[in-house]
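Q: Sequence plus the predicted model coming up.
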Amino acid sequence: MTASFRSVLAALGCGTLFGFGLSLSGMLDPARVQGFLDPFGAWDPSLIFVLGGAVLVAMAGMVWVRRMPQPVLADQFQIPANRPIDRPLVLGSALFGIGWGLGGFCPGPAISALPLGFGAGLLFVIAMVAGMILHDRMLAGKV
């Protein structure tokens with residue numbers, strides 16, 4: 001089994017586990033996410049527990065990664081070195097949050113919800129892919 005095939009299998013396994021966790025937690029339902037973002041209406045606090053669990057798992061994973069001499073499926077770790085909070089980061093985060101609040105989806109749950117047949121999820125994924133293409137085309141002249 002080649003290294004690239006093992007990498008694909010690992011990515012498939014991680015994505016499947018992530019999608020299953022989103023489904024199990026109810027985060028594929030955009031109404032639940034929008035309920036969390038509506039603290040003065042029908043507030044649904046369940047998302048905070050999902051986010052808290054995700055942060056704990058990520059923190060444990062980063063502690064583990066920092067103790068490893070090298071990754072299992074690559075030659076070196078790909079840990080971002082650029083850490084400043086700059087205008088593109090703030091604008092991108094705001095745009096992400098606006099889209100998340102309006103659509104009730106972020107990329108992972110939107111893709112995971114596609115097999116469920118939510119029309120809004122399909123529309124969100126189409127808009128997300130269009131935004132990625134637009135971003136790449138706009139950025140291509142600046143790189």
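A: In hand now; what should we look at?
Q: What separation is there between the most centrally placed residue in the chain and L102?
A: Taking Cα atoms, centre = their mean as the criterion, G108 is the residue nearest the geometric centre of the chain, at 4.6 Å. According to Cβ to Cβ, to the nearest Å, G108 stands 17 Å off from L102. Every residue, glycine included, has its C-beta placed from N, CA and C.
Q: do the same with L9
A: 36 Å.
Q: Neighbours of M128, how many?
A: 17 (other Cβ atoms under 10 Å).
Q: What of F36?
A: 19.
Q: Look up phi and psi at it.
A: phi -70, psi -40 (degrees, to the nearest 10).
Q: what's the answer for the one 4 residues further on, then?
A: Backbone geometry at F40, expressed as degrees, to the nearest 10, gives phi -100, psi 0.
Q: Give me the helices and strands touching the helix or strand containing G108, please.
A: Counting by DSSP states H and E, the element that carries G108 is helix 107-113. Contact here means 3 or more Cβ pairs under 8 Å, 6 or more residues apart in numbering; DSSP states H and E; on that basis helix 107-113 packs against helix 3-25, helix 119-140.
Q: With that, I have no additional questions.
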